[in-house]
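Colleague: A predicted structure for the sequence below; I have some questions about it.
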Amino acid sequence: MALSEPSTAPQAEATRSRVQRMLGGGTSGNQQLTATVGLILLVLFLVLMATIIWIGSNTMLWLHLFLGVALVGPVVLKLASTGYRFTRYYSSNAAYRRKGPPHLVMRVLGPFVILTTLGVFVTGLLLLIAGPGTGGLVPELHKIIFYVWIGVVGLHVLWHLPELPAGIRAVRSAEQRTRDLPGSRGRSVALLAALAGGLVLALIFLPDIHSWTAGLAFHPHTINLN
């Protein structure tokens, strides 16, 4: 009787797991990437909020618009890193199953964070392209979504605020943990690509940004982003 060949499925799965760990560091690498980009976004969002206070200033309006476009890159990376964890957990990946799901509050709040974030950035880009003094649905929609987004993201940040010290320590000790946590190069490339992509997108939108700042000089009453 011929002996059956052992199944290669477990070996293939183990190989895929090793490759994923080397590229991204597994669940710990995903957590570190999410924490790092989250800290960057927190700082940039605070700067963005500060520009709204002085939005009537030509300089602050320019910074608000430029930074708003540049944030697209890291925002996409943050959504991708959290979305990857969500996908791997609900596709029954063993490592992510052992790590467990996010807290129930975050699972309920998560879709609202994603939808309002996409909404505020998409309507913001459309408003930027349309130019100053634009009326109609887009400006009002941008304002409404923006206020909802502030509330939703505020709750999200407050929930994760106790984790901030640990997140800072994780970012500061990233180099020391390189040997224990593979995939640091892949995470660095992803982070740099997100920041560079956002910067390039902001440079592409420079003519539209200049049209808004020029419009402020001639029609200051039409510039009303908040």
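Modeller: Good, I have the coordinates.
Colleague: can you tell me which residue is spatially central in the chain?
Modeller: In the chain, the residue lying closest to the centroid (C-alpha atoms, centre = their mean) is V75, at 2.2 Å.
Colleague: mind listing what's buried in the helix or strand encompassing that residue?
Modeller: Applying DSSP states H and E as the criterion places V75 in helix 72-90. Using 16 or more other C-beta atoms under 10 Å as the test for burial, helix 72-90 gives 72-78, 81-82, 85, 88-89. For glycine as for every other residue, the C-beta is placed from the backbone atoms N, C-alpha and C.
Colleague: using JSON lines, lay out those together with distance to P139 and pLDDT.
Modeller: Compiled in JSON lines, these are given as follows (distance: C-beta to C-beta, whole Å; pLDDT from 0 to 100):
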{"residue": "V72", "distance to P139": "19", "pLDDT": "95"}
{"residue": "G73", "distance to P139": "25", "pLDDT": "96"}
{"residue": "P74", "distance to P139": "25", "pLDDT": "95"}
{"residue": "V75", "distance to P139": "21", "pLDDT": "95"}
{"residue": "V76", "distance to P139": "24", "pLDDT": "95"}
{"residue": "L77", "distance to P139": "28", "pLDDT": "95"}
{"residue": "K78", "distance to P139": "26", "pLDDT": "93"}
{"residue": "S81", "distance to P139": "32", "pLDDT": "90"}
{"residue": "T82", "distance to P139": "30", "pLDDT": "89"}
{"residue": "R85", "distance to P139": "35", "pLDDT": "86"}
{"residue": "R88", "distance to P139": "39", "pLDDT": "87"}
{"residue": "Y89", "distance to P139": "39", "pLDDT": "84"}
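Colleague: could you dump these to CSV with distance to L65?
Modeller: CSV is the format used below for the buried residues of helix 72-90 (distance: C-beta to C-beta, whole Å):
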residue, distance to L65
V72, 12
G73, 15
P74, 17
V75, 15
V76, 18
L77, 21
K78, 21
S81, 26
T82, 26
R85, 32
R88, 36
Y89, 37
